[in-house]
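> Sequence and computational prediction follow.
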Amino acid sequence: MTSFRRLGVFEREAKAPTLNVKQLALLLCGLYPELRVDEIPEERKEDYDIYYRQIKKWFNSSGLFSGSVAVEQDADYMFALAYELIDDEITPEPIKERCLLAVTQIASQQKGKDILKRLGGADLVSTGVELSKNKRGLHRKEDEEVNTYKLLGLTITLLANKVGGSFYDGNKITVSSIRNAIMKLSEDINLSKKGLSRATLDKKIQEALAILKYEKDE
């Protein structure tokens, strides 16, 4: 894990729990968030003004924030508000990623759609819905992979218990014997060796058996 003090300025700011309108506008411009307005480079002044004005409008109209634009607010809400304002050329990558994370997290909440609508309108709601779908799909994929390993582990255990001998000594399943039997079978039936190397088979068998142990221990 990288030490916090070794992170770049934008990586550090992406981890901040709160920020205000001015700081957010500066970050979107790729500028240090504590700059005074009179310190903003000439080539970024127009960008800053555009961002500040737009953020302020959504900030005031959302009804989600208390205090003035100078008061630091919840980072998730602020970064989500900024998502539709990201510029591919000037907005730093850590800030882009943080805005995306904020939208994803809010979208998964019970009243996420309503919050996103108040922070950025219909476009932000659509983005949140899509991200939420992708997140659920990823979880389903992970669950399916675990279930596949579980089935593989059960099959290996059943085979070892039935055959015994070199596969199972009554105490421990012998991974190398199972692997050698699989490799021989694949040769006997002329199956492609792709994905069936010694190292891959050992890894898959060990992971499948580990899943069974993990779920038993739970």
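Structure received.
> Show the contacting residues for the residue sitting furthest away from the middle of the chain.
Ranking residues of the chain by C-alpha distance from their mean position (CA atoms, centre = their mean) puts residue 165 at the top, at 45.3 Å. By CB atoms under 8 Å, 6 or more residues apart in numbering, the contact set of residue 165 is empty. From N, CA and C alone the C-beta is placed, and that goes for glycine too.
> Over to residue 99?
Per CB under 8 Å, 6+ apart, neighbours of residue 99: 79-80, 82-83, 86.
> just residue 147 next, same as before
Counted by CB under 8 Å, 6+ apart, residue 147 has zero contacts.
> give me phi/psi at it?
Per-residue torsions, residue 147: phi -60, psi -40 (degrees, to the nearest 10).
> same thing with residue 149?
phi -60, psi -40.
> ok, it to residue 163 distance?
21 Å (CB to CB, to the nearest Å).
> quick revisit: what subset of the contacts of residue 99 is buried?
For those, a burial check counting by 16 or more other CB atoms under 10 Å picks out 79-80, 82-83.
> Out of these, which sit inside strands?
Judged by DSSP state E, strands contain none of these.
> Looking at those residues, spot the one nearest residue 14.
residue 79 (8.1 Å; CB to CB).
> show me the contacts for the closest one.
24, 95, 98-99, 101-102.
> Apply 10 Å and report the result again.
14, 16, 19, 24, 27-28, 95-103, 105-106, 119 (CB atoms under 10 Å, 6 or more residues apart in numbering).
> Which of those residues are buried, as a PyMOL select command?
Typed into PyMOL, the line below selects the buried ones among these, using 16+ other CB under 10 Å:
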select buried, resi 14+19+24+27+28+95+96+98+99+100+101+102+103+105+106+119
